[in-house]
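# I would like to see how this sequence folds:
(one chain, ligands or ions: 1)
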Amino acid sequence: MARFYVTTPIYYVNDVPHIGHAYTTVAGDVLTRWRRLSGDEVFFLTGTDEHGLKVQRAAEARGVSPKELVDETAAQFRATWDALDIAYDDFIRTTEARHYAAVQKFLQTIYDNGDIELGTYEGLYCVSCEAYYTEDELVDGNCPIHLRPVELVVEENYFFRLSRFADRLLEYYAEHRDAVQPESRMNEVLGFIRGGLQDFSMSRTSIDWGVPLPWDPKHVAYVWADALFNYCTAVGYATDDERFAKWWPADYHLVGKDILRFHAVYWPAMLMAAGLEPPKHVFAHGWLLVGGEKMSKTGLNQIAPADLVADFGVDGFRYHFMVDQRFGPDGDFSYEAMVQRYNADLANNFGNLANRVLNMAMNYCGGVVPEVRADGPLREVAANAYSGLSEAMDRLDFASGFGAVWDLIRATNAYIEDSKPWALNKQGDSEGVARILGDCLESLRIVALLASPVIPNAGGELWRRLGLPGRPEDQRVPEAAAWGLLPAGATLEKGEPLFPRKEA
Ligand code: MSP
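As a prediction, this is how the structure comes out:
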């Protein structure tokens, strides 16, 4: 059994969960469920990024302590993932003691190895904010918040000597061509490294909401220098060596394109500096745009997952974001497109097929599964659904993967149209009817199984209505995807429509 470790970014708690966050997390979940179905032992990690100036500021703005703010928002993230049936194994929070211990050991190792050094940081500082600004953040040369002059301040900071790692990173990527995906993102990363790497300041003395550096505790770690390490903390770094050795390096870090550099340049370099292996793959997906813009607090265009779940259900939500656009490029979200796709793929294709097949089987076959032909005409399409899904999932191409499963749905619907079991029934050809419906029921079984990573509830319910014991997720593919496993004689149940149609 292979082990498979997949992560989402840990989300900032100065914001509440929106569909952009959910996009990455659902993708991680679908991948997790698929790998489990394929027999892997999977560890799926998500969590919250709770340190740093942004959080400290957000807390101040609300007049609460950072701790109160992070407890509240972390709970909201967790509740959102629970509501979306996210099967995460651990929810890490960077304010936990285990994370402090791990980060301190990690940074101390890099410091001892000589790749963290004291230097001076020069920047434009607003005393009221206790924060640095870059030239272009200023408003008429003033602090954008207090609208007062900023000062040129020189501060002692620790620097991570990133500039020393360019060759090692290029060498690593030359040997691991697929370590950054999709390929266009690899080119972006290589271009960035070749353009020259600057050392970066990895500590702050201006804030105290962070992990203190063990060798100089008036400094706290810069938020990214602490956040990235969550991926190691969660699998036992500094607390359980055996467990860490089992799970590290991660198989996939799923990230948005906005944080690719942190994950594909800073992170592997820091790991190398500590003598640890870089992650096997970083996959950067595009943004979900709303009205052509990235969702943001200030843009007031954020959509809460719960609002869409109320209209489309958990499965409808999950399906839409995995299938409506490729996982990679940017994609526009629109409510109208969501209604359309829901009606076309879930209400019509999936829902209707289940409905009409079960209905006919109730009426024409006495509500039990007839004998399934071992060489039914849908057999080959079903085999393609499995191989298509499997190949696409290896590339994290969710849309094509489930597209292959929906091809089986469409082919089964077409088979019903062509073979007209209702006409055969009228003619009294009960053997012919049983043959056709047996094939269709078998096809439904395979659909329920293969669609279950993305629509776990509907998949499980269909499985149950087919009279099958257990749940799809207890099965193993490819074995369970083989044709002809639906036991004859099982009792069927028609049930209510799985995806009621939506009015546009
Ligand atoms: N805390 C850092 C990540 C640290 S990981 C060690 C962070 N957090 S974030 O909450 O601002 O964003 C995290 C991720 O949320 C993004 O990389 C992306 O995966 C996802 N998204 C946030 N907005 C998004 C969209 N509008 N569209 C798609 N994904 C988006 O950065």
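
# Tyr121: what secondary structure?
What DSSP: H, G, I helix; E, B strand; the rest coil gives for Tyr121 is strand.

# pLDDT score for it?
On the pLDDT scale, Tyr121 is placed at 84.

# quick check: residues of the stretch 151-300 of the chain near the ligand?
Ala227, Leu228, Asn230, Val255, Gly256, Asp258, Ile259, Trp287, Leu288, Lys294, Met295 (Cβ under 6 Å from any ligand atom). For every residue, glycine as well, the C-beta is placed using N, CA and C.

# wait, which of these is closest to Lys502?
Of all these, Lys502 sits closest to Leu288, with 20.3 Å by Cβ to Cβ.

# need the nearest residue in space to Gly292, chain neighbours excluded.
Closest residue in space to Gly292, ignoring its immediate chain neighbours: Asp332 at 6.6 Å, by Cβ to Cβ, 6 or more residues apart in numbering.

# ok, the closest residue to the ligand within the stretch 1-150 of the chain - contacts?
Closest contact between the stretch 1-150 of the chain and the ligand, by Cβ to the nearest ligand atom, is at Gly20 (2.4 Å). By Cβ atoms under 8 Å, 6 or more residues apart in numbering, Gly20 lies in contact with Gly256, Trp287, Leu288, Lys294, Met295, Gln302.

# correct me, but the residue nearest to Gly292 touches Leu289?
Yes - between Asp332 and Leu289 there is a contact under Cβ atoms under 8 Å: 4.9 Å.

# inside helices: which ones of the residues of the stretch 151-300 of the chain next to the ligand?
In helices, defined here by DSSP state H, the members of those are Ala227, Asn230.

# the ligand: which of the residues of the stretch 151-300 of the chain next to the ligand is nearest?
Closest approach between those and the ligand, by Cβ to the nearest ligand atom: Gly256, at 2.7 Å.

# correct me if wrong: that closest one contacts Pro9.
Yes - checked against Cβ under 8 Å, the pair Gly256 and Pro9 is within contact range at 7.0 Å.

# the more surrounded of the two?
Counted by other Cβ atoms under 10 Å, Gly256 and Pro9 do not tie: Pro9 has more neighbours, with 25 against 19.

# ok, now how distant is Ala74 from Phe159?
As judged by Cβ to Cβ, to the nearest Å, Ala74 and Phe159 stand 30 Å apart.

# who's more crowded, these two?
Shown here are Ala74 and Phe159; by other Cβ under 10 Å, Ala74 has more neighbours (22 against 19).

# narrow the residues of the stretch 151-300 of the chain next to the ligand to those that are buried.
In those, burial by neighbour count holds for Ala227, Leu228, Asn230, Val255, Gly256, Ile259, Trp287, Leu288, Met295, counting by 16 or more other Cβ atoms under 10 Å.

# can you tell me which residues contact the second one?
Shown in contact with Leu228 (Cβ under 8 Å, 6+ apart): Phe262, His263, Tyr266, Trp267, Met270.

# switch the cut-off to 10 Å
Contacts for Leu228 (Cβ atoms under 10 Å, 6 or more residues apart in numbering) come out as 9-10, 49, 103, 106, 253, 259, 262-263, 266-268, 270-271.

# so of those residues, which ones are in strands?
Residues of those located in strands (DSSP state E): Pro9, Ile10, Asp49, His253.

# I'd like these as a markdown table, with distance to Val153 and pLDDT appended.
A markdown table is the format used below for the ones in strands among the contacts of Leu228 (distance: Cβ to Cβ, whole Å; pLDDT from 0 to 100):
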| residue | distance to Val153 | pLDDT |
| --- | --- | --- |
| Pro9 | 31 | 98 |
| Ile10 | 30 | 98 |
| Asp49 | 26 | 95 |
| His253 | 35 | 98 |
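
# determine which two of those are furthest apart.
Maximum distance among those (Cβ to Cβ): 13.7 Å, for Asp49 and His253.

# name the residues contacting each of the two.
With Cβ under 10 Å, 6+ apart, Asp49 and His253 have common neighbours Pro9, Leu228.

# before we move on, the earlier item: most neighbours among the ones in strands among the contacts of Leu228, please name it.
His253 (27 neighbours).

# surely it touches Tyr231?
Yes - counting by Cβ atoms under 10 Å, Tyr231 is a contact partner of His253 at 6.8 Å.

# tell me, what's touching these two both at once?
Contacts common to His253 and Tyr231, judged by Cβ under 10 Å, 6+ apart, are Tyr5, Thr7, Pro9, Leu45, His263, Trp267, Pro279.

# what residue ranges in this structure score low on pLDDT?
The chain contains residues with pLDDT under 70 at 128-130, 298-299, 372.

# which SSE is the spatially closest residue to Glu50 that is not a sequence neighbour in?
Among residues not flanking Glu50 along the chain, Val70 sits closest, at 4.2 Å (Cβ to Cβ, 6+ apart). Using DSSP states H and E, the element containing Val70 is helix 66-83.

# does that helix come close to the ligand?
No - residues of helix 66-83 contacting the ligand under Cβ under 6 Å from any ligand atom: none, with a closest distance of 9.3 Å.

# what residues of that helix count as buried?
Pro66, Leu69, Val70, Thr73, Ala74, Gln76, Phe77, Arg78, Thr80, Trp81.

# so who does the first one touch?
This points to Pro66. Counting by Cβ under 10 Å, 6+ apart, Pro66 has contacts 13, 50-52, 55-60, 95, 207-209.

# repeat that with 6 Å
Residues near Pro66 by Cβ atoms under 6 Å, 6 or more residues apart in numbering: Val55, Gln56, Ala59, Trp209.

# okay, and the last one sits in which element?
Take DSSP H and E as the rule and Trp209 turns out to sit in neither a helix nor a strand.

# quick one: contacts of stretch 337-346?
Defining contact as Cβ under 6 Å, 6+ apart, one finds that stretch 337-346 is touched by Phe312, Gly316, His320, Asp324, Phe499, Arg501, Lys502, Ala504.

# just the buried ones from those residues, in ChimeraX syntax?
In ChimeraX syntax, the buried subset of the contacts of stretch 337-346 is picked out as below (16+ other Cβ under 10 Å):
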select :312,316,320,324,499
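
# which helix or strand contains the residue in the stretch 351-500 of the chain that the ligand sits nearest to?
Nearest residue of the stretch 351-500 of the chain to the ligand: Leu396, at 13.4 Å (Cβ to the nearest ligand atom). Here Leu396 sits in a region with no helix or strand, counting by DSSP H and E.

# try the one 10 residues further on
Under the assignment given by DSSP H and E, the secondary-structure element containing Trp406 is helix 398-419.

# which helices and strands does that helix pack with?
Applying 3 or more Cβ pairs under 6 Å, 6 or more residues apart in numbering; DSSP states H and E, one finds that helix 398-419 contacts helix 305-323, helix 353-365, helix 379-394, helix 430-451.

# so which of those helices is the most surrounded?
Highest mean neighbour count of the helices and strands packed on helix 398-419: helix 430-451, a mean of 23 (counted as mean count of other Cβ atoms under 10 Å).

# what's the spacing between the closest residue to Tyr158 other than its chain neighbours and Arg161?
Nearest residue to Tyr158, sequence neighbours excluded (Cβ to Cβ, 6+ apart): Ser203, at 4.1 Å. Using Cβ to Cβ, one gets 13 Å for the distance from Ser203 to Arg161.

# which one of these two is surrounded by more residues?
Ser203 (25 against 19).

# the more buried one against Asn157, yeah?
Yes - in terms of Cβ atoms under 6 Å, Ser203 counts as a neighbour of Asn157; the distance is 5.4 Å.

# quick check, Val154 in a strand?
Yes - Val154 forms part of a strand when assessed by three-state DSSP.

# and it, how far from the ligand?
With distances taken as Cβ to the nearest ligand atom, to the nearest Å, Val154 is found 28 Å from the ligand.

# and for that residue, the neighbour number?
10.
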